[in-house]
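**Student:** Build me a model:
(one chain, ligands or ions: 1)
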Amino acid sequence: MEKVRCLIIGSGPAGYTAAIYAARANLSPVLYEGSMPGGQLTTTTEIENFPGYPDGISGPQMMEDLRKQAIRFGADVRVGLATKALLAPNNSIVTIDGETEIQATTVIISTGASAKYLGLPDEKKYAGLGVSACATCDGFFYRKKTVVVVGGGDTACEDAMYLSAICSKVYLAVRKDCLRASKVMQERVLRNEKIEILFKHEVIGLVGEDGVSGAILKKNRGEQDEEVYQIDVDGMFLAIGHHPNTNLFKGSVDLDETGYIKTYNGTQATNIPSVFAAGDVADPRYRQAITAAASGCRAAIDCEHYLIENGL
Ligand code: NDP
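**Tutor:** Below you'll find the predicted structure:
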């Protein structure tokens, strides 16, 4: 079985940054990129708030740059998905793609988070036929069409803006009477003539023969004037947040009540000595590219200290 000193699982800004720092500390890190190399930022358009990029940078470009930087310092970046993890102090066994086992002295978990769905049966029924959780991946298919974006955060606003440049009309269905997005995003959406915000609206179903042709909306849920009606749309984009990718680690690493990995003592250490966590998988609060990258750096430094302190 292959033995590695530092195994990094996941390849967003957290994983790649951990790889850069671990490689520069001579830990010979091996990083498995997972099912979506580059992570969630590969599905965004411009990153405008990462310090040092006054003109912004595209998500895929930033991830490619981070990947190259990690490789430049000797990180072994590999294609492969961790499918099983037996985590133990100084001796974790991680299975890749259901077949290759790796024995790791230390592990940095940076598996990120995935898009949430509403939980409607119609989401499954129309999967790939008008329902998507990635505007930048699938927006292209809705050229000159009408879509509804669900959510009121930065992702929803960003998706609505992106789709407004492709589609003829974009509804933004927000369950509350206000947006949660940052002020700058709110203003952009409110100014955009192609976007119609439907406050206090929920999508409760979809209709259509060979694909989505309409969405059933509930307005003012629980109020006297509650109303259910239908709008014509060709697609629905979900932008209602994310859940952490921690299924693999349930029962071994401590998770909080919403499934995020718990870290301790102001470090990236988990409850298992030699196992660290970085990025969105351990961050229910900030979830930014910059905070993910920073926690990847911290995890690599924690990992290096751990190896030295334990003479490993
Ligand atoms: P958020 O958690 O910020 O927002 C989720 C939105 O979805 C909220 O409006 C929420 O409504 C709504 N929602 C959640 N569940 C449901 C449901 N079942 N039905 C209807 N609506 C629902 O998630 P985001 O993905 O937007 O953002 C995550 C983080 O990433 C944030 O910190 C954000 O600032 C950041 N981000 C930053 C960007 C940037 O700076 N360019 C771009 C994208 C994200 P409610 O308000 O009622 O809870």
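
**Student:** Taking the stretch 51-200 of the chain, what residue is nearest to the ligand?
**Tutor:** Closest contact between the stretch 51-200 of the chain and the ligand, by CB to the nearest ligand atom, is at Gly153 (2.4 Å). For every residue, glycine as well, the C-beta is placed using N, CA and C.

**Student:** so how many other residues sit close to Met36?
**Tutor:** Counted with other CB atoms under 10 Å, the neighbours of Met36 add up to 17.

**Student:** for Ser190, helix, strand, or coil?
**Tutor:** Actually, residue 190 is Leu. It isn't Ser. For Leu190, the assignment made with DSSP: H, G, I helix; E, B strand; the rest coil gives helix.

**Student:** and it, how many neighbours?
**Tutor:** By the criterion of other CB under 10 Å, Leu190 has 11 neighbours.

**Student:** looking at it, it is touching Glu196, isn't it?
**Tutor:** No - when contacts are counted by CB atoms under 8 Å, Leu190 is not listed as touching Glu196 (10.7 Å).

**Student:** and the worst-scoring helix or strand of the chain on mean pLDDT, how far from the chain's centre?
**Tutor:** Ranking every helix and strand in the chain by mean pLDDT, DSSP states H and E puts strand 46-47 at the bottom, with a mean of 84. Offset of strand 46-47 from its chain centre (CA atoms, centre = their mean, to the nearest Å): 15 Å.

**Student:** Please apply the same query to stretch 72-82.
**Tutor:** Computed by CA atoms, centre = their mean, the chain-centroid distance of stretch 72-82 equals 20 Å.

**Student:** what does stretch 291-302 give?
**Tutor:** Relative to its parent chain, stretch 291-302 has a centroid offset of 17 Å by CA atoms, centre = their mean.

**Student:** what residues does it touch?
**Tutor:** Defining contact as CB atoms under 8 Å, 6 or more residues apart in numbering, one finds that stretch 291-302 is touched by 6, 12-22, 25, 27, 29, 66, 108, 110, 267-269, 276-280, 282-283.

**Student:** and that stretch, is it in reach of the ligand?
**Tutor:** No - in terms of CB under 6 Å from any ligand atom, no part of stretch 291-302 sits within range of the ligand; the closest distance is 9.3 Å.

**Student:** Enumerate the residues of the stretch 51-200 of the chain near the ligand.
**Tutor:** 118, 150-156, 158, 175-176, 180.

**Student:** List only those of those flagged as buried.
**Tutor:** 150-156, 158, 175 (16 or more other CB atoms under 10 Å).

**Student:** I'd like the distance from Cys134 to Thr45, if you could.
**Tutor:** Separation of Cys134 from Thr45 (CB to CB, to the nearest Å): 11 Å.

**Student:** And for Val174?
**Tutor:** When Val174 is compared with Thr45 (using CB to CB), they lie 21 Å apart.

**Student:** out of these two, which sits in the busier spot?
**Tutor:** More neighbours surround Val174 than the other of Val174 and Thr45, with 23 against 17 (other CB under 10 Å).
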